[in-house]
Structures are given as structure tokens and as C-alpha cells.
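Asker: Dropping the sequence and predicted coords here.
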Amino acid sequence: MPPADKRARKKENARAAREQREAALKRKKRLRSSITVGIVAALFIGAIVLISATGGKSKKSSATTPSTTAKGATTTTAPGSSTTTSKGGAVPTGCVSTVPPKTTKPTYKAAPALTIDTSKTYVAHMSTTCGTFDITLDAKVAPETVNSFVFLAKNHFYDGLSFHRLVKDFVIQGGDPKGDGTGGPGYALPTEPPLKGYTQGSVAMANSGPGTTGSQFFVTVSDNGAKSLGGPPYLYSDLGNVTKGFDVIQKLMTFAPAADGPPTRPLYIFKVTVTES
């Protein structure tokens with residue numbers, strides 16, 4: 001091959017190699033640019049997702065949702081019941097935030113046979129969110145009511161239930177397995193009213209009319225509240241009286257809402273035990 005042709009061939013090879021290097025460099029730049037754009041896009045999308053998760057949630061409505069009564073159910077309360085939304089609250093000294101395990105309560109077809117001895121004294125020791133108070137049961141005046149309460153307590157019916165209704169200067173109410181004022185043990189008892197009416201610390205049974213006493217009870221927290229129950233005639237069966245631990249009732253009542261309804265934080269009955277003497 002002539003020297004001139006060799007030189008031309010060499011230049012051509014050098015030019016081709018240069019073009020290949022330039023093309024490879026351009027490809028590398030394009031790849032780096034694509035990676036950068038992808039990272040930026042991923043960060044942008046992640047930021048949008050984070051903002052949506054933290055700031056884009058809809059606000060919960062503060063409006064009270066009215067409760068409904070299941071078909072065929074009867075609301076069992078002392079007079080003037082209504083329902084409000086429960087809110088959180090601080091726990092005073094002597095109260096705990098413990099939540100008892102949920103259990104399914106039995107439904108009984110008939111009231112229990114009378115097994116108590118009306119000549120004996122029965123005391124119910126009720127352990128609650130804010131401590132234990134004692135109810136001395138009135139077996140002589142209300143034998144069927146007391147017999148039912150003792151039966152339910154011994155069968156752990158009240159364990160884990162809530163105080164579903166508090167009314168300032170009036171009552172604290174519990175003993176409903178449904179927790180909404182409509183539940184009971186499955187049977188109804190006759191009304192066994194007190195002989196001399198109600199006073200502060202009286203414990204009576206809620207009902208929805210004569211002969212509808214079930215498992216729900218209420219404690220009158222003041223004499224004014226007791227007087228508002230009216231009578232004679234007295235409309236609510238006499239279970240007994242708080243004879244020890246009324247300060248526990250007062251602590252529970254610190255969670256009373258502004259209006260008649262559920263407490264401002266959940267309040268529970270942990271256990272009810274009954275002693276006799």
C-alpha cells in the first residue's frame with residue numbers, strides 16, 4: 001500500500017475511534033441525567049405522599065351521634081336519660097386506667113329461685129375504676145331484687161361492665177351488659193320499692209316501668225338527687241345503701257358530663273363479691 005494511503009487510513013481510524021469515544025461519553029451523560037431525574041421524581045412523589053398522610057387526613061366530626069335502640073329493646077334508666085359522646089379525662093388520685101377484658105354475658109330465661117336468707121345481712125363489695133365501695137343489701141324489703149343481684153354477682157355477671165350513665169347531683173348508673181342503657185339479664189322482676197324513699201347513697205334498680213327490673217342499678221349521689229326520684233309511691237326497687245366508700249362514688253362522679261349521659265372517660269366495675277353474716 002502506498003504511504004499516502006496508509007496515512008489516510010490511519011487518520012480515518014483515528015477519526016472513527018474519536019467518534020466512538022464521544023458517542024460513549026454522550027451515552028454516559030444521558031444515563032447520569034436519567035438517574036438524577038428519577039431520584040428527584042422519587043423524592044417529589046415521596047414528599048407528596050408524606051404530606052397527604054400527615055396533613056391531608058379529614059378532621060373527625062365533633063358532633064354527637066345519636067344512639068338507636070335495637071328493635072324490641074327497652075331503654076332501662078332512672079328518669080330523664082339521654083346519650084352524649086364520651087371524651088377522655090384526667091385520672092384523679094385513687095383511680096386507674098385499667099380496661100377489663102371483654103366477656104360475653106349470659107342471658108337467663110327466668111329469674112333465679114329464691115336462695116337468700118332474709119334474716120341474714122348481705123354486703124356487696126364493688127371494685128371499680130376509682131376504688132371499692134360497699135352496698136349493704138336490703139334483703140328484707142326487696143328479697144327478689146337482692147336475690148337476683150346476689151345470683152348475678154356470684155355468676156360474675158357484673159364483672160367488667162361499665163358505668164354507662166352519670167348525672168351531676170343525681171345518679172351514677174351501671175350494670176348493663178350492653179353498656180348503652182338497653183341491656184339486662186334476660187328476665188324481669190317485680191318492683192320492690194323502699195319503705196321510706198331514697199336518700200344520698202341509696203342504691204336502687206333502674207327500670208322502664210312497673211315489673212321491668214333487671215340488672216341495671218343506680219346510686220343516688222345527693223339528697224337533692226334522691227328527692228327528684230319522687231314518691232310516694234316509689235317507682236324503683238330498693239337494692240340497699242352505700243355503707244362504705246362513698247368517697248369512691250364521689251371520685252367516679254368527677255367524670256360526669258355536662259349533661260345527662262356517659263362519663264367523660266370509661267369507668268368500669270372490675271368485680272362484685274358478696275359476703276353474708
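Answerer: Sure, I can see it.

Asker: Strands of the protein, start to end?
Answerer: 122-128, 131-137, 163-167, 171-174, 202-205, 217-220, 238-244, 269-276 (DSSP state E).

Asker: A153 is nearest to which of those strands?
Answerer: Comparing those against A153 with C-beta to C-beta, the closest turns out to be strand 269-276 (4.3 Å). All C-beta atoms are positioned from the backbone trio N, CA, C, and that covers glycine.

Asker: thinking again about what came up before, pipe the strands of the chain into a markdown table and attach mean neighbour count and mean pLDDT per row.
Answerer: Below are the strands of the chain laid out as a markdown table (neighbours: other C-beta atoms under 10 Å; pLDDT from 0 to 100):
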| stretch | mean neighbour count | mean pLDDT |
| --- | --- | --- |
| strand 122-128 | 20 | 98 |
| strand 131-137 | 21 | 98 |
| strand 163-167 | 26 | 98 |
| strand 171-174 | 26 | 98 |
| strand 202-205 | 27 | 98 |
| strand 217-220 | 27 | 98 |
| strand 238-244 | 21 | 98 |
| strand 269-276 | 16 | 98 |
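
Asker: Make TSV from the ones you listed and add distance to G184 to it.
Answerer: Listed next are those as TSV, based on distance: least, C-beta to C-beta, whole Å:
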stretch	distance to G184
strand 122-128	18
strand 131-137	19
strand 163-167	13
strand 171-174	13
strand 202-205	10
strand 217-220	11
strand 238-244	15
strand 269-276	15
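
Asker: so which of these comes closest to P112?
Answerer: Among those, if distance is taken as C-beta to C-beta, the winner is strand 269-276, at 13.4 Å.

Asker: packing partners for the closest one?
Answerer: Judged by 3 or more C-beta pairs under 8 Å, 6 or more residues apart in numbering; DSSP states H and E, strand 269-276 is in contact with strand 122-128, helix 143-154.

Asker: number of nearby residues for G230?
Answerer: 13 (other C-beta atoms under 10 Å).

Asker: ok, now which ones touch it?
Answerer: With contacts taken as C-beta atoms under 8 Å, 6 or more residues apart in numbering, G230 has no neighbouring residues.

Asker: Model confidence for it, exactly?
Answerer: At G230, the model reports a pLDDT of 93.

Asker: From V203, how far out is it?
Answerer: 17 Å (C-beta to C-beta, to the nearest Å).

Asker: on that earlier part again, between the helices and strands packed on strand 269-276, which one is nearest to V221?
Answerer: Nearest of the helices and strands packed on strand 269-276 to V221, taken as C-beta to C-beta: strand 122-128 at 14.0 Å.

Asker: Parallel or antiparallel, list what pairs with that closest one.
Answerer: strand 131-137 (antiparallel), strand 269-276 (antiparallel) (DSSP bridges).

Asker: what is the orientation angle of that strand with strand 238-244?
Answerer: 70 degrees (axes from the mean of the first three to the mean of the last three C-alpha atoms, to 10 degrees).

Asker: Same list (the helices and strands packed on strand 269-276) but as a markdown table, adding distance to T136.
Answerer: Shown next, in a markdown table, are those (distance: least, C-beta to C-beta, whole Å):
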| stretch | distance to T136 |
| --- | --- |
| strand 122-128 | 5 |
| helix 143-154 | 10 |
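
Asker: Relative to A256, which of these is closest?
Answerer: The closest of the helices and strands packed on strand 269-276 to A256 is strand 122-128. By C-beta to C-beta, the value is 14.6 Å.

Asker: CA-only coordinates of the closest one in PDB, if you can.
Answerer: Output of strand 122-128 as PDB, limited to C-alpha atoms (Å, rounded to 0.1, in the frame of the first residue of the first chain):
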ATOM      1  CA  TYR A 122     -75.600  -9.300 102.700                       C
ATOM      2  CA  VAL A 123     -73.000  -6.900 101.600                       C
ATOM      3  CA  ALA A 124     -71.800  -6.300  98.000                       C
ATOM      4  CA  HIS A 125     -68.200  -5.200  97.600                       C
ATOM      5  CA  MET A 126     -67.900  -3.400  94.300                       C
ATOM      6  CA  SER A 127     -64.400  -2.900  92.900                       C
ATOM      7  CA  THR A 128     -64.300  -0.100  90.300                       C
END
